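Enquirer: Build the 3D model from these lines:
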Amino acid sequence: MQLHRTAAVLATAVIAVGMGAGLAHATTGTTTEVDHTKSVFVAVGKLDSFQGNRHQVVLNTAGGSVKSTSRVKSYYCPPGAVITASWVSSKCVLRSTHSIRFVDGSPIGRISSSGQSASQRGWVRLVSTSTGRSTYVWSQLSLSSGRTNPVTGTFAELSTQSSQEIATWWRG
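Expert: Next up, the predicted model:
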């Protein structure tokens, strides 16, 4: 069984987003299917251990594990400067980049039994690409199709707001 859902929204407001989920495997006959989830969003505000006040986040999971393409780019943006999940104002300055890593025993990425929504909930480890310093944050996202805001929840205690968000999930 192949299941695929995508939800995307474009708007002009800045978003602050959160994350969350759990591990998911489905079995049909002799085939084991793995849940895949992906969210792309912006978290707005000051995060502990992060430079900057706006954070572009990509959280990509497979079978409950965080994939190597997951990352946080942190920018300092002056008042009035706009940042979306895929675009950054020239007024903003990149301050740091962190990879998002899986934490053993804290699986992330689950698709609902109906297949109409997904979640990303659990602890993740953020590792600075320049210093190697790590910090742990709680991620709690809900991903849904057919909504104005396909990504809702919290990431490191920052809440979601609408702007450009992308939420994708599939089982296969």
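Enquirer: what's near enough to touch residue 61?
Expert: Going by C-beta atoms under 8 Å, 6 or more residues apart in numbering, residue 61 touches 21, 35-38, 67, 70, 108-109, 120. In short, each C-beta sits where N, CA and C put it, glycine included.
Enquirer: Quick check: beta-bridge partners of residue 40?
Expert: residue 58, residue 166 (DSSP bridges).
Enquirer: Now do the same for the residue sitting nearest the centre point of the chain: its pLDDT.
Expert: Note on the chain: the residue nearest the mean C-alpha position is residue 59, at 3.7 Å, using C-alpha atoms, centre = their mean. At residue 59, the model reports a pLDDT of 94.
Enquirer: Quick check: it touching residue 121?
Expert: No: in this structure residue 59 lies outside contact range of residue 121 using C-beta atoms under 8 Å: 10.8 Å.
Enquirer: follow-up on the earlier one: and which of the contacts of residue 61 is nearest residue 92?
Expert: Nearest to residue 92 out of the contacts of residue 61 is residue 70 (C-beta to C-beta; 21.2 Å).
Enquirer: Determine the number of other residues adjacent to the closest one.
Expert: 22 (other C-beta atoms under 10 Å).
Enquirer: Pull up the gap between the residue nearest to the centre of the chain and residue 90, please.
Expert: 26 Å (C-beta to C-beta, to the nearest Å).
Enquirer: Next: residue 60.
Expert: 27 Å.
Enquirer: quick one: which of the two has more around it?
Expert: Neighbour count, other C-beta under 10 Å: between residue 60 and residue 90, residue 60 has more, with 21 against 6.
Enquirer: Run through the residues that contact that one.
Expert: Going by C-beta under 8 Å, 6+ apart, residue 60 touches 37-38, 66-67, 69-70.
Enquirer: For those residues, which single residue is the most surrounded?
Expert: Going by other C-beta under 10 Å, residue 37 tops these with 27 neighbours.
Enquirer: which stretch of helix or strand covers it?
Expert: Counting by DSSP states H and E, the element that carries residue 37 is strand 31-44.
Enquirer: Run through the neighbouring helices and strands of that strand.
Expert: Packing partners of strand 31-44 (3 or more C-beta pairs under 8 Å, 6 or more residues apart in numbering; DSSP states H and E): strand 25-28, strand 54-62, strand 110-111, strand 117-128, strand 134-144, strand 151-155, strand 165-171.
Enquirer: looking at those strands, which has the lowest confidence?
Expert: strand 25-28 (a mean of 41).
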